[in-house]
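> What follows is a predicted structure for the sequence shown.
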2 protein chains.
Amino acid sequence: MSNTQAVLTKEEIADWFMGLQDRICAGLEQADGKALFREDLWIREKGGGGRTRVISHGGVFEKGGVNYSAVYGPTPDAILKALNLSASDFYATGVSIVIHPNNPLVPIIHMNVRYFEMTNGQWWFGGGIDLTPHYVVPEDAAFFHKTLKASCDKHLSSFYPEFKKWADDYFYIPHRKETRGIGGIFFDRLDATRSLSKQALFGFVQEIGNTFLPVYTSLVAKKKDLAYTDTQKQWQLLRRGRYVEFNLVYDKGTRFGLDTDGRTESILMSLPETASWLYDHQTQPGSAEEKTLLLLKKGIEWSTL
Amino acid sequence: MSNTQAVLTKEEIADWFMGLQDRICAGLEQADGKALFREDLWIREKGGGGRTRVISHGGVFEKGGVNYSAVYGPTPDAILKALNLSASDFYATGVSIVIHPNNPLVPIIHMNVRYFEMTNGQWWFGGGIDLTPHYVVPEDAAFFHKTLKASCDKHLSSFYPEFKKWADDYFYIPHRKETRGIGGIFFDRLDATRSLSKQALFGFVQEIGNTFLPVYTSLVAKKKDLAYTDTQKQWQLLRRGRYVEFNLVYDKGTRFGLDTDGRTESILMSLPETASWLYDHQTQPGSAEEKTLLLLKKGIEWSTL
């Protein structure tokens, strides 16, 4: 790596992530209008710790978490094995968010930005942002993807198409043959093999982190006061059941956290307050629920709608 | 294997399992007093199929499944790898049950009995039965374990202690440091290396299958009409959340089913109709909920209480 890249330290990255957490929590409290985040500081026995912030029973948000952490120490065996790394100490920092709204017409959102570094010199950025509407509204899906594309395009024109496909593949529930939602972008192992410098990659990650608040609060403002029916609320609980299935069965962050003895309450803050499963639930032909299922597919080019 | 063992065919075992499913469904309908099981027949593309039977919105049972299946064909790679088997065709048949009651004072129950055979001559029985009370009542836990011990003791005195410990270890949620419930018995790979003949092992499995209905309906009858509070109902939803965590993260049957493209609705019938997650929920000191948590531990010798 060149000297200019070496200027960017893990501490600078971690500091920026803490600031991002602060700004996002403040923005979400404003959007909620009622509840405030509760903060729990935690220490990791083997090195590092975090700031878990949870909002619940708000005016808009039923349950949500905005977590910051910076952890380090000997790399857990499970991670060495999964990532095919040789034994070395690691440092990992990031912000992870999942928000479950009260109103079924407001989408669930997830965002994660993270930085990983090994004492052997390896480093990379990862992250993503994806939207899970209980009811897919093509106009909103297009707005979401166009916003993400614009953020990506400021950095590298190949990012959006690559990371959009990555999200389609990642946020997929094979046993349901459904995507979790309308996707977004997902990226991992962005490192020195990319055509951008470390500083430029960090710039991209900052861009994504900064995109979260305006894109989500815009959707929240548009939807939060819409009236909804009992049928729509029941459908929301079923879709949350799918969210639970994805997170507990497939999500790599969740499984790594549980496998490496992470802080359970911080990891599982992503689960909704309530969820439901009905045996062999079928949607009514022509219903909004059926239309949503038909749009939970890979490969829909929302940004060109 | 000797000729007398060869007399017991997979078809005989499968037939007995179908009959067991019939008797259990009839017994549970009687215990419920209101709802009847709905039956779905399904065919497995690569060989075999099953009879899924689900009860819902009953007088006693909110959601429950009693599934029979007999599937066969080339052994899926995931199973070969997990069980360290050489490529061969397989045949698997069994009955699998999970019942979620309405009343939080009635326990959740799970039972599974199964037979697996490979065309290379390998065969074994597996299964288990375990109880998940939302509130642990030592007297009921002792009754449950004493009944299982009596059933085991008719066959081999080492079975209960071995299989009770196996259940403690299997039905454990590491990230919560809690057992799923009060355990029961769990066993797998009961084969020719055991000191009992194949016929005798089948006799043991039949005994366990036959124990399900009297032991559960006895607990149901004792509890189903007890009044309960909103606090108890809310606690039930949280405990169901733990049940979901165990089944989706750790349960081998569930993961194999999802990994091998099994029938999703039959596999996930084990999930409750509703479940809940609260961030960092704490029980009140001295409460019944706290007492229950203190009893969700491995190694409690319920049968000697």
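Nice, I can see it.
> what's near enough to touch A:K223?
A:K223 sits next to A:103, A:105-107 when contact means Cβ atoms under 8 Å, 6 or more residues apart in numbering or on different chains. For every residue, glycine as well, the C-beta is placed using N, CA and C.
> Format the residues you listed as a markdown table; extra columns: neighbour count.
Below are the contacts of A:K223 laid out as a markdown table (neighbours: other Cβ atoms under 10 Å in any protein chain shown):
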| residue | neighbour count |
| --- | --- |
| A:N103 | 20 |
| A:L105 | 21 |
| A:V106 | 27 |
| A:P107 | 27 |
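> Walking through chain A, point out its helices one by one.
A:3-6, A:10-32, A:77-83, A:138-153, A:159-170, A:198-223, A:230-245, A:252-259, A:264-267, A:288-295 (DSSP state H).
> Pipe the ones you listed into a markdown table and attach mean pLDDT per row.
Listed next are the helices of chain A as a markdown table, based on pLDDT from 0 to 100:
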| stretch | mean pLDDT |
| --- | --- |
| helix A:3-6 | 49 |
| helix A:10-32 | 98 |
| helix A:77-83 | 83 |
| helix A:138-153 | 98 |
| helix A:159-170 | 98 |
| helix A:198-223 | 98 |
| helix A:230-245 | 98 |
| helix A:252-259 | 89 |
| helix A:264-267 | 96 |
| helix A:288-295 | 98 |
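> So for B:E39, which of these sits nearest?
helix A:230-245 (22.7 Å; Cβ to Cβ).
> Compute the inter-axis angle for the closest one and helix B:230-245.
Angle of helix A:230-245 versus helix B:230-245, following axes from the mean of the first three to the mean of the last three Cα atoms, to 10 degrees, is 50 degrees.
> what's the distance between helix A:230-245 and the middle of its chain?
Computed by Cα atoms, centre = their mean, to the nearest Å, the chain-centroid distance of helix A:230-245 equals 19 Å.
> tell me which strands and helices it is in contact with?
Judged by 3 or more Cβ pairs under 8 Å, 6 or more residues apart in numbering or on different chains; DSSP states H and E, helix A:230-245 is in contact with strand A:274-276.
> Report the beta-bridge partners for the spatially most central residue of chain A.
Centroid-nearest residue in chain A, with Cα atoms, centre = their mean: A:M111, separated by 2.5 Å. Beta-bridge pairing of A:M111 under DSSP bridges involves A:I97, A:I129.
> How about the residues of the stretch 101-250 of chain A by chain B?
A:174-176, A:237, A:241, A:244-245, A:248-249 (Cβ under 8 Å from any Cβ of the partner chain).
> Now list the buried members of these.
Among those, those scoring as buried are A:175-176, A:237, A:241, A:244-245, A:248-249 (criterion: 16 or more other Cβ atoms under 10 Å in any protein chain shown).
> mind listing what A:S195 touches?
Contact partners of A:S195, counting by Cβ under 8 Å, 6+ apart, are A:L156.
> Looking at it now. What's its pLDDT?
Looking at A:S195, its pLDDT is 87.
> which residues sit in contact with the closest residue to A:D140 other than its chain neighbours?
Once flanking residues are discounted, A:D140 sits nearest to A:L219: 6.0 Å by Cβ to Cβ, 6 or more residues apart in numbering or on different chains. Listed by Cβ under 8 Å, 6+ apart, the contact partners of A:L219 are A:106-107, A:131, A:140, A:143-144.
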